[in-house]
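**Student:** Have a look at this prediction, sequence included:
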Amino acid sequence: MRSSIFTNMVIALLLLLTPIIALYAYSNQTSSRVLTEEIVKAKRAQVDTFVGQIGQLFAQFDSYQKMLYQSKEVRNLAYPDLLGDDLLHFRTLKTVSEEINRLVGYGGRKGVIAVVYPKAGMVIKSDSSLGALPAALPDIDGFWHYEKKANGDSYFIETISSPAKTSKGEEADLTVVAKVDEGEIKSDLSDMKIKGLEDPFLYKPGQTPIYNYTANQALIRQLLPKLTPGERGGNDRPLLIRTENGAYQVHMELVQSLGWYLVDYVPIDTIMAPIKRNQAMFYTISGMMLFMACILSFILYRNIRIPFRKLMQGMNFIEKGMYKSRMEDPPKGEFRYLYQRFNSMAARIEELIEDVLKEQIRTKEANVKQLQSQINPHFLYNTLAYIKSMVELGEKEAAVSMTMNLSKYYRYTTKTSRSLATLDEEMGLVVNYLDIHRMLTDDFEYEIEIEPSMLEMEIPRLSLQPLVENVIVHAFKKRVAFGIVRIRGSVESGIARLSVEDNGPGIPQAQLDAALSKIRIAASGEIDSGLQNVHQRLILLFGEGSGLSLGVSEWGGLRAEISWRIQERTA
Amino acid sequence: MINRTLRRFAVPVLLAFGMLIGACDGTPDGAEASSGGGAASGVPDNFVTLKMLMPGDESARMREFADNELNERLGKELNLKLELTYVPWSDYQSKLELALATGEDYDLVWYGTPFVSDYKAKGYIQPLDELLRKFGPDLTANIPADNFKLDRIDGKLWAIPSQAFTSAGKFTSVLVRQDLLESVGMKDIRTIADLESFYAKVRAADPGYYGYLETDRGQDVLWRELSDEPLTFLDENQMFAVNENTGELVDYLASALYERVADVRKRWADMGLIDKRLVGNLSANIDQENAGKLLFRVGAVSRAMENLQTAQNADPSAKLREYYLSPDKPKYIVAPSNEAYMIPAKAPHPERAMRFMNWILQSREHYNFIIYGVEGKDYRVENGKIRLLTKDQLMYEWMWRNKKYFMAPANVDDSVVQDMMHNDDNARISRIFGFHFNPEPVKNEYAKVLAVYNEKFVPINMGIVDYEKQYGSAMAAMKKAGYGEVWAELQRQYAAFRADQPALAE
């Protein structure tokens, strides 16, 4: 149960997020793989195409070379004796010259082709610039090979001679030369770069690569040591080379006629960057959702769960009788109201409980006082002496009457099971009490005028007797005349009043006020008089406005009155 | 309370999400290039590749320059990429005409002014008046109006006369290796005999040199000495000429002058001045010149300056100078600008071609950039002269030479520059200035005549066949091909042209 809302919410969210994240990770992986494969395929196709293009260029020169090699005019020029006539020589030469120009002119001017006649010291070539042909031709015939020149004018060259040159020192009658400058390759590579390759270059192990014009040479030099074409054979998978600048997918394809590889690389990190970024974004958002959920749960926890728990604690305290407990530090909002209601409820309960408790205490105190007064030996002696006298005098009826009164009186006062009694019952006790005293002294009368409707009203037990006792004990002590006690009860605008008046000497006004205030103030202190006890019990039972008041009776004696509000339940 | 709390949190959470999703998008604002307003700032909106045909061989530096600095800049300023197709000189005319005839997608071609009328007649090229008016303000500002007249046919402009410089007597001088001339104790060239003596003396010292190989032209070089009357070739086909004194057309092949020229050529071939083993080898004459082995060739007013770099590449001590035979005779201005840039009728981007030409003459900076390359890397300016730092040729300087922007090369002798600056002294306007022969009415005959000429007369021109032996049958074949009709049509057109001309003050 502890923190359950909080943990439950987080767990629920985790449960929700986990499959989503798992699914996302899986689909992401799949799409990355598919994408990578597609890149590989596309790049391979591209590289293949351009390898084909380069191969085509060289193959074209191959075929021109062979055409020239097989041409009758080209051969005849090697043997001037065959062309004795100047005109024939001129025409043959012109034909060959035009033929060479035609071939190269239509071939896209990518290279130079030439026929060299070493013995006649004649060169017919497609390009009249000085450096069009190298100063020295290769020693032996052969297919394309690369000549590196320090001044940058490197080239690919192939030669075919008649008769074939197979060793150094042989001098052919004619040699057909095809030559492609490195610059043309660079230009082609740059063109490929424009047409979609990343950064193509030609590479042959052991040689300086041929770069395109805008190649990232520093990067390529980093890649070079890891290019190992030999080991890969026909493997179609591209190399994955990691450098300090990131990972590169490297594609290389052999240009068969050259023995050089066309190499291109793909900065795979850069291509995958958007996907990586999306991935990171997704995980960040998931994390944020989780975080938000935690925050929300925490807010719920703090704003509901904690106040709620406090409230429950408060309830428990109340339940265990700790009525003093109160909700402290009320939170803002709805819970503040609830706390306040709880506090006032607790206060009310405490108040009620205290009232009941006090009432019980007062009742007990009343009983005790009553018992004390009854155990008063003087009272008991007098009554017993009276009964003895009556018996001796043969006044049997008086003795019986006294005995009956005494018996009723003691029975009532010792019956302490209830704290409330009807006015009727209380009046019975008072009558017994008064009768006992009247028999003993025979010097006072009493009158009782009580509205019958009041007789069924409940009042605290033994709340009337102390008033009457007060009259007997104090007012009639120093007798000057025949005593009168009048007890009257009336109901007036929801308030019941019951007064006990006497015609004794009374009490001076100042003493009366002091006594009254003493009765009223002693709310929580020791109850040391019966009157105080009565007052407190009335207030506890009927609330403020009820209680005991003292005044002067119409005969100048004391008038003690108790009053209480008539409550619904008593009505 | 929960509601309120939720609401209080919902807003920042939504905002945060919004920002995250926005960030996910990954397209930074403002990445979109502002493509609008291109026309207003002078840079056209769409990127095009401008294809241009160029004569000669592309140098390594030119290829690199075009691939990098030049196209980077043209891309930025004109939104185009220049793609140059180089065709060797020996093959240029045939390739150019084939490209034009078959409607290949070139946007810009160069050739000599005499060909403009022919190409216009054949419908190869388009009129440029409108394009020039819209996109060529710097061309009209920097090229004299007279030069434009050359390319104006039937009231329309058909080419941009790209060169605006001196041109009197163009192609009637000889360009001589002055250093070799001086090395054999000679000072200058004034006669044919001087040339022969020059050859004999050099060969005696070193047989590795060749005399003269440019046999397809240069007959009019010899005319200055061999002809009593001043003649000017009608066009490059070298069949007809005009007499500058009388204004009459001359049937050159039928004249005695032709026989005299053929005799000189024969003599040269026999003495080895023309190498019989090399004539016909189209690349040979330029090859030998590039190798520093050629003694002289036809001059072109400023060729001593233009070719010096090439000559010095082969031989650092090389010096060049141009001479006119019979130097006291007057020179004639046939065309103030012999260089004509034309836009083919089928050009995909004529407007860009015009913008490109205009760009070249827009400022000295542009002019120097395309001709000499990157300042500090390819050239630098020394005392108002150009010092080249690379041996490689970029855009031909002579194609765009302009009086306003011209700067003499630092390595050229002042005498050569002076020759050039004073070339127009003693010059007269040729009678055929502004005349264009339209071969259209006799085009079948004309084509046949040219074929026969190449087959029968060219060997005579070269001196490898004897005039006496060959001329009769050659001329007979010409007549059969329709030479008479062509001659008659030419005379008719020329008469009409002269009738339109204001009478020349004698």
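**Tutor:** Happy to help now that I have it. Residues are numbered from 1 along each chain as shown, chains lettered A, B, ... in the order given.
**Student:** Check which helices and strands the helix or strand containing residue B:492 is in contact with.
**Tutor:** For residue B:492, the host element (DSSP states H and E) is helix B:483-500. Applying 3 or more C-beta pairs under 8 Å, 6 or more residues apart in numbering or on different chains; DSSP states H and E, one finds that helix B:483-500 makes contact with strand B:240-243, strand B:249-251, helix B:443-452. Where you see a C-beta, it was placed from the backbone N, CA and C, and this is true even at glycine.
**Student:** let's see it at 10 Å
**Tutor:** strand B:240-243, strand B:249-251, helix B:443-452, helix B:467-481 (3 or more C-beta pairs under 10 Å, 6 or more residues apart in numbering or on different chains; DSSP states H and E).
**Student:** in the helix or strand following the second one, what's buried?
**Tutor:** Meaning strand B:249-251. Remark: after strand B:249-251, the chain's next helix or strand is helix B:256-271, criterion DSSP H and E. For helix B:256-271, the buried set under the neighbour-count rule, 16 or more other C-beta atoms under 10 Å in any protein chain shown, comprises B:257-258, B:260-262, B:264-266, B:268-269.
**Student:** angle of helix B:256-271 against helix B:467-481?
**Tutor:** 130 degrees (axes from the mean of the first three to the mean of the last three C-alpha atoms, to 10 degrees).
**Student:** check whether helix B:256-271 contacts chain A.
**Tutor:** Yes. Using C-beta under 10 Å from any C-beta of the partner chain, helix B:256-271 reaches chain A at residue B:269.
**Student:** Starting from that helix, tell me the next helix or strand along the chain.
**Tutor:** Downstream of helix B:256-271, the first helix or strand assigned by DSSP H and E is helix B:284-290.
**Student:** Extract the C-alpha trace of that next one and format it as PDB.
**Tutor:** The C-alpha trace of helix B:284-290 is given here as PDB (Å, rounded to 0.1, in the frame of the first residue of the first chain):
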ATOM      1  CA  ALA B 284      53.500  17.900 -88.200                       C
ATOM      2  CA  ASN B 285      53.900  21.600 -88.900                       C
ATOM      3  CA  ILE B 286      52.600  22.700 -85.500                       C
ATOM      4  CA  ASP B 287      54.500  19.800 -84.000                       C
ATOM      5  CA  GLN B 288      57.700  21.000 -85.500                       C
ATOM      6  CA  GLU B 289      57.000  24.600 -84.500                       C
ATOM      7  CA  ASN B 290      56.200  23.500 -80.900                       C
END
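**Student:** that older thread, what would the buried residues of helix B:256-271 look like in CSV with pLDDT?
**Tutor:** As requested, those are exported to CSV (pLDDT from 0 to 100):
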residue, pLDDT
B:257, 95
B:258, 96
B:260, 95
B:261, 96
B:262, 95
B:264, 96
B:265, 94
B:266, 94
B:268, 95
B:269, 93
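**Student:** Just send the residues you listed back as JSON lines, with distance to residue B:336 too.
**Tutor:** Listed next are these as JSON lines, based on distance: C-beta to C-beta, whole Å:
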{"residue": "B:257", "distance to residue B:336": "27"}
{"residue": "B:258", "distance to residue B:336": "28"}
{"residue": "B:260", "distance to residue B:336": "30"}
{"residue": "B:261", "distance to residue B:336": "27"}
{"residue": "B:262", "distance to residue B:336": "32"}
{"residue": "B:264", "distance to residue B:336": "30"}
{"residue": "B:265", "distance to residue B:336": "30"}
{"residue": "B:266", "distance to residue B:336": "36"}
{"residue": "B:268", "distance to residue B:336": "32"}
{"residue": "B:269", "distance to residue B:336": "35"}
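**Student:** And the furthest pair within these?
**Tutor:** Checking these against each other with C-beta to C-beta, the farthest-apart pair comes out as B:257 and B:269, at 18.8 Å.
**Student:** quick revisit: what is the mean pLDDT for the helix holding residue B:492?
**Tutor:** For helix B:483-500, mean pLDDT rounds to 93.
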